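1. curious how this folds, go ahead:
(4 chains)
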There are 2 protein chains.
Amino acid sequence: MTKKEITIYDIAEALSISPATVSRGLKNHPGIGKDTKKRIADTARKMGYQQNMFATNLRRKNTNTIGVIIPRLESYFHSTVISGIEKVANAHGYNLIISQSQESYKKEVNSVSTMYNSRIDGLMISLANETKTTDHFEELLKKQVPLIFFDRVIEHPDCTSIVIDNKKAGYDATIHLLEQGCKRIVHIDGNVNRNVYADRLEGYKQALQQHNIEFDQSLVLNIELTDQATAVATQKILTMKQLPDGIFTANDISAVSCIRELKRAGVRVPEDIAVVGFNNEPIATVIEPNLTTINYPGKEMGEIAATTLINKLKKQPSGNLNTIVLRHNLIIRDSSLRKRKH
Amino acid sequence: MTKKEITIYDIAEALSISPATVSRGLKNHPGIGKDTKKRIADTARKMGYQQNMFATNLRRKNTNTIGVIIPRLESYFHSTVISGIEKVANAHGYNLIISQSQESYKKEVNSVSTMYNSRIDGLMISLANETKTTDHFEELLKKQVPLIFFDRVIEHPDCTSIVIDNKKAGYDATIHLLEQGCKRIVHIDGNVNRNVYADRLEGYKQALQQHNIEFDQSLVLNIELTDQATAVATQKILTMKQLPDGIFTANDISAVSCIRELKRAGVRVPEDIAVVGFNNEPIATVIEPNLTTINYPGKEMGEIAATTLINKLKKQPSGNLNTIVLRHNLIIRDSSLRKRKH
DNA sequence: TAAATTTATGCAATCGGTTGCATTATAAGT
DNA sequence: ACTTATAATGCAACCGATTGCATAAATTTA
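-> Numbering: from 1, shown residues only, chains lettered A, B, ... in the order given. Predicted coordinates:
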């Protein structure tokens, strides 16, 4: 029933030439005559020829496929990144295979292994919270498969990382709160096992130090940055003997949840407590007051990550960088504005 | 430099048996002796054997890869669906390749063609707004590649569609507004070329009819359901000689934008105008007042779509359904609540 | 016009598994 | 002990494209 596949042999036969010539003709090999090429192309079209990638890949040993592993797909930030990646990969004729780690080290290892078996040409990954080592990438790297980390990265001599300056961003956010007159700032952070959260915390500390405020560990809450966990954390904050006058959270979901709880408890934002988030997700302009946050260029990050990887694959010179740092910026909105500028 | 790949021939040689036996042994063929199997498995592990999928696929003619095409990745709803798909596909050992159409027919055709060339085993798609025909799928279908539509579907005799009852949902939303005392309800809708929007409109009409309210075409605004476009549409609504007292929008992004504009114009929600959205995205509980909306089970839809497809691929009986309708439900929140229940 | 180049094409091995059929070794039946 | 059924393994063709090397044809040069 299934109509027989057309192969280069069929085309060769139809034109009474050799399959080798057809193969070369189809990919515009310089050694093939102009008219022959045209006849091959025409016949191929006429017969409905479709290249068999397996045969090609089997010989060529590359798949034209790039793997992407992210913690979760239903996250605005990550889907933005993926969108950027897809755009670039698609434009360069690469396929994308995507997998989510769900923040689990085990799932991550598993995904890497599956992709390894699928013979991906390159891998881009934003690490799961649980991940602490790079052992599971060694197999890939040994086979010279380029690996790129983005957002949630880890140091590795052979890989490029694409990040923003999280330390500076954390610093910027905190300085802003300080400049708004905050003296006692809580920092709601993620798992400091991950660079992004460790760095944001570091920036927070630096800013405090610069304003001669002593760092107080009890003002740092390391939680899973979800809606729920933040609500719980906020309740805890509300029971502090001395309430903070500023909160810097490491993502917007968390910031929104926090503001919601504060309002529910009758605390005014920003008058009583100013709040700054991170990521600039769409909800930042839905919550009232609108959320001051760090703008994180996700789509751009995806595009750059993909471009870098593809350059590496094509062995173009630009590919051997160690770290690429994208620009972030603080977007000031009402959730932190206590002093009006005029 | 690149370490030589280990093949079944290497294993065969190491054990002085034939490659055929190794091949069968590795996939647990019944005709191979128990101890031989074990020796093969052990040696394979010891030597670091990795199956070459190309060779396998070249013979077997299936790729273990499923394609997914959606309008855009940076959409909460769609990333939720993808998440569900990924979960199921992954659990069954299928790879996923993803592409976005950006609502463009041309890009959609292109993606289908790329996937066709990648020899995907099956395809799942939520159509672009521009798409009106199914011609671009014929090539795939001719090759017996199963195709599943989800959310944005189109009638096709050989394909299963996974949807919610959009007509009923539109009806439910409108009836709710009517029950809250609304008499003049605007419907902000998408491109009626797409089933989802046509059906929601249909449900809206039915509800009106049931309450003996004459349908007024001037109260239906068909727009691109974005933040921006909705803001513009809302401004237009505000200039109507007679203001509506209810608005039913076909998605939450739009509803939120609408509420924002209404509030900015000093219109009270829900007192002056009650608003109902669609999808139940996270922003629905961030906007104030919280948004009444239709809960749309995206992740579940993804899981079911993937399961259905995989069943078809495995030729399991459950696979030959025409349409699967998931349950939706109206979630009533403050944006539409004018009469308190006690 | 013969020799030297250049251009166009073909031969045949190769990539790494898979699988129908044949063959051999082992166990069971008479 | 001898045939027959059963289990275990091997042979070899095949999937479809790629590519180094050889060959043939066309063109240029001497």
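2. hmm, A:Q209 is touching A:E202, no?
-> No. Using CB atoms under 8 Å as the test, A:Q209 is too far from A:E202 to be in contact (10.6 Å). All C-beta atoms are positioned from the backbone trio N, CA, C, and that covers glycine.
3. neighbour count for the two, which is higher?
-> A:E202 (17 against 11; other CB atoms under 10 Å in any protein chain shown).
4. please name the nearest non-neighbouring residue to the more buried one.
-> Closest residue to A:E202 apart from its sequence neighbours, by CB to CB, 6 or more residues apart in numbering or on different chains: A:K167 at 4.9 Å.
5. need the pLDDT of that neighbour.
-> Per-residue pLDDT puts A:K167 at 98.
6. which SSE is it in?
-> For A:K167, the enclosing helix or strand under DSSP states H and E is helix A:166-179.
7. do the same with A:L262
-> Element membership of A:L262, judged by DSSP H and E, is helix A:252-264.
8. residues of that helix that come out buried?
-> A:252-262 (16 or more other CB atoms under 10 Å in any protein chain shown).
9. residues contacting the helix holding A:K167, please?
-> Here helix A:166-179 makes contact (CB atoms under 8 Å, 6 or more residues apart in numbering or on different chains) with A:185, A:187, A:195-196, A:199-204, A:206-208, A:210-211, A:213, A:246, A:248, A:274, A:276, A:278, A:292, A:294, A:296, A:328, A:330, A:332, A:336, A:339.
10. how far away is the closest residue to A:N62 other than its chain neighbours from A:N95?
-> Ranked by CB to CB, 6+ apart and with sequence neighbours excluded, the top spatial neighbour of A:N62 is A:D121, at 5.3 Å. Distance from A:D121 to A:N95, counting by CB to CB, to the nearest Å: 10 Å.
11. comparing these two, which shows the higher neighbour count?
-> Comparing A:D121 with A:N95 by other CB under 10 Å, the one with more neighbours is A:N95, at 25 against 19.
12. how many other residues sit next to A:I213?
-> Neighbour count of A:I213, defined by other CB under 10 Å: 16.
13. from DNA strand D, how far out is A:E13?
-> 11 Å (CB to the nearest atom of the strand, to the nearest Å).
14. wait, a helix at that residue?
-> Yes. The assignment for A:E13 by DSSP: H, G, I helix; E, B strand; the rest coil puts it in a helix.
15. what does the stretch 51-200 of chain A put close to DNA strand C?
-> Neighbours of DNA strand C within the stretch 51-200 of chain A, by CB under 7 Å from any atom of the strand: A:55, A:58-59.
16. same thing but at 6 Å, please
-> A:58-59 (CB under 6 Å from any atom of the strand).
17. coming back round to it: tell me the spacing between the residue nearest to A:E202 and DNA strand D.
-> Separation of A:K167 from DNA strand D (CB to the nearest atom of the strand): 46 Å.
18. try A:R327
-> For A:R327, the distance to DNA strand D - CB to the nearest atom of the strand - is 41 Å.
19. which residues touch that residue?
-> Counting by CB under 8 Å, 6+ apart, A:R327 touches A:164, A:297.
20. wait, which of the buried residues of helix A:252-264 is closest to DNA strand C?
-> A:I253 (44.6 Å; CB to the nearest atom of the strand).
21. which residues touch that closest one?
-> Contacts of A:I253 (CB under 8 Å, 6+ apart): A:225-227, A:230, A:281, A:283, B:282.
22. give me every residue in chain A lying close to DNA strand D.
-> Close to DNA strand D, as judged by CB under 6 Å from any atom of the strand, chain A has residues A:5, A:7-9, A:19-20, A:23-24, A:27, A:51-52, A:55-56, A:58-60.
23. can you say which of those are buried?
-> Buried among these by 16+ other CB under 10 Å: A:7-8, A:23-24, A:52, A:56, A:58.
24. let's see which of the residues you listed end up in helices.
-> A:8, A:23-24, A:56, A:58 (DSSP state H).
25. what two of those residues are the furthest from one another?
-> Largest separation among those by CB to CB: A:R24 and A:L58, giving 18.0 Å.
26. thinking again about what came up before, need the buried ones from the contacts of A:I253 selected in ChimeraX.
-> Selection of buried members from the contacts of A:I253 for ChimeraX, criterion 16+ other CB under 10 Å:
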select /A:225,230,281,283 /B:282
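27. can you add distance to DNA strand C, pLDDT and secondary structure and give the contacts of A:I253 back as a markdown table?
-> Shown next, in a markdown table, are the contacts of A:I253 (distance: CB to the nearest atom of the strand, whole Å; pLDDT from 0 to 100; DSSP: H, G, I helix; E, B strand; the rest coil):
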| residue | distance to DNA strand C | pLDDT | secondary structure |
| --- | --- | --- | --- |
| A:L225 | 43 | 95 | coil |
| A:T226 | 43 | 95 | coil |
| A:D227 | 46 | 95 | helix |
| A:T230 | 49 | 98 | helix |
| A:E281 | 45 | 96 | coil |
| A:I283 | 48 | 95 | helix |
| B:P282 | 44 | 94 | helix |
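28. want to throw the contacts of A:I253 into JSON lines with distance to A:D151?
-> JSON lines is the format used below for the contacts of A:I253 (distance: CB to CB, whole Å):
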{"residue": "A:L225", "distance to A:D151": "14"}
{"residue": "A:T226", "distance to A:D151": "18"}
{"residue": "A:D227", "distance to A:D151": "20"}
{"residue": "A:T230", "distance to A:D151": "20"}
{"residue": "A:E281", "distance to A:D151": "14"}
{"residue": "A:I283", "distance to A:D151": "19"}
{"residue": "B:P282", "distance to A:D151": "20"}
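29. wait, which of the contacts of A:I253 is closest to B:I310?
-> B:P282 (29.2 Å).
30. any idea how far A:S126 is from that closest one?
-> With distances taken as CB to CB, B:P282 is found 20 Å from A:S126.
31. quick check, A:K38 in a strand?
-> No. Remark: A:K38 does not belong to a strand; assigned using three-state DSSP, it is helix.
32. neighbours of it, just the number please.
-> 11.
33. so what's the residue in the stretch 101-250 of chain A that chain B sits nearest to closest to, chain neighbours aside?
-> The stretch 101-250 of chain A approaches chain B most closely through A:S118 (5.8 Å), counting by CB to the nearest CB. In this structure, A:S118 finds its nearest non-sequential neighbour in B:N95, 5.8 Å apart by CB to CB, 6+ apart.
34. any chance of the buried ones among the residues of chain A next to DNA strand D in CSV, plus distance to A:T80 and pLDDT?
-> Shown next, in CSV, are these (distance: CB to CB, whole Å; pLDDT from 0 to 100):
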residue, distance to A:T80, pLDDT
A:T7, 42, 92
A:I8, 42, 93
A:S23, 41, 93
A:R24, 42, 92
A:N52, 35, 89
A:T56, 33, 90
A:L58, 36, 88
